[in-house]
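Trainee: Kindly return the folded structure for what I paste below:
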Amino acid sequence: MVKIGVVLGSVRSKLGEAIFNYLQSKYTDTPDVQYDWIKLDDFPLEPYHHDETPLSEGIQGLKSNERRWLSQLNGEDGYIFLTPEYDHAIPGSLKNALDYVGPEVNRKPVQIISYSYYSDGGMLAAESFVEILQMLKMIVLPTPVLLWNANDNFTQAGQLLSNAANSDHFSERLDEAFHEIGFYTRVLHENPFE
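Mentor: Presented below is the predicted three-dimensional model:
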């Protein structure tokens, strides 16, 4: 069995919570995959202030919440990052959380899901995210899921409104994305790079 961490990469978005709740209700553990549902808000991280560069050397003097964040990521075999678009990029809180990361995510697959209240679906956030994840030596799956005008499609309780525009497309794309990350996570877990 492999573990896939689904990370809500926003600390303030009601829309993000609604989509996260939908994903959590729809995608449950299988004999092959265990999903860990991770909210960035559960790991309140100060702006990165350590002297070390995590990709080069271990961070000294980690606080307990910083250690928990890195331990959580280290325990996953693959990832889905759910992110809004803020000013054509990912939120600063998500970028800051990733600044703590070093070998914990090395050569593990990751799928991006971006969302927006607008018609672009967070396209620029997803695009800007790829370089960050590649810098962390993650294997980024080629096609992000873009959820545009998403506030019209998801209820706060975690339902995808079947009569809303694009809901069929969103459901299909999310199914494809979860299938794809599951496949590549299993392949890479069973065949680690040496």
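Trainee: Check whether G182 sits in a helix, strand or coil.
Mentor: helix (DSSP: H, G, I helix; E, B strand; the rest coil).
Trainee: OK, contacts around the residue nearest to Q156 when sequence neighbours are not counted?
Mentor: Of all residues not flanking Q156 in the chain, A18 sits nearest, at 5.0 Å (Cβ to Cβ, 6 or more residues apart in numbering). No exception for glycine: its C-beta is placed from N, CA and C like everyone else's. A18 makes contact with 154-158, according to Cβ atoms under 8 Å, 6 or more residues apart in numbering.
Trainee: if you average pLDDT over the helix or strand hosting A18, what comes out?
Mentor: Element membership for A18, per DSSP states H and E: helix 14-26. For helix 14-26, mean pLDDT is 96.
Trainee: Quick check: phi and psi on the residue lying farthest from the centre of the chain?
Mentor: Relative to the centre of the chain, the most outlying C-alpha is that of N163, 27.0 Å out, by Cα atoms, centre = their mean. Note on N163: backbone dihedrals following degrees, to the nearest 10 are phi -90, psi 0.
Trainee: gap between it and L146?
Mentor: The gap separating N163 from L146 is 21 Å, by Cβ to Cβ, to the nearest Å.
Trainee: on that earlier part again, check the gap between the residue farthest from the centre of the chain and Y86 for me.
Mentor: Counting by Cβ to Cβ, the gap from N163 to Y86 is 30 Å.
Trainee: And A164, by the same measure?
Mentor: Counting by Cβ to Cβ - A164 and Y86 are separated by 24 Å.
Trainee: Helices along the chain, start to end?
Mentor: Along the chain, counting by DSSP state H, helices occupy 14-26, 64-74, 92-99, 123-135, 167-190.
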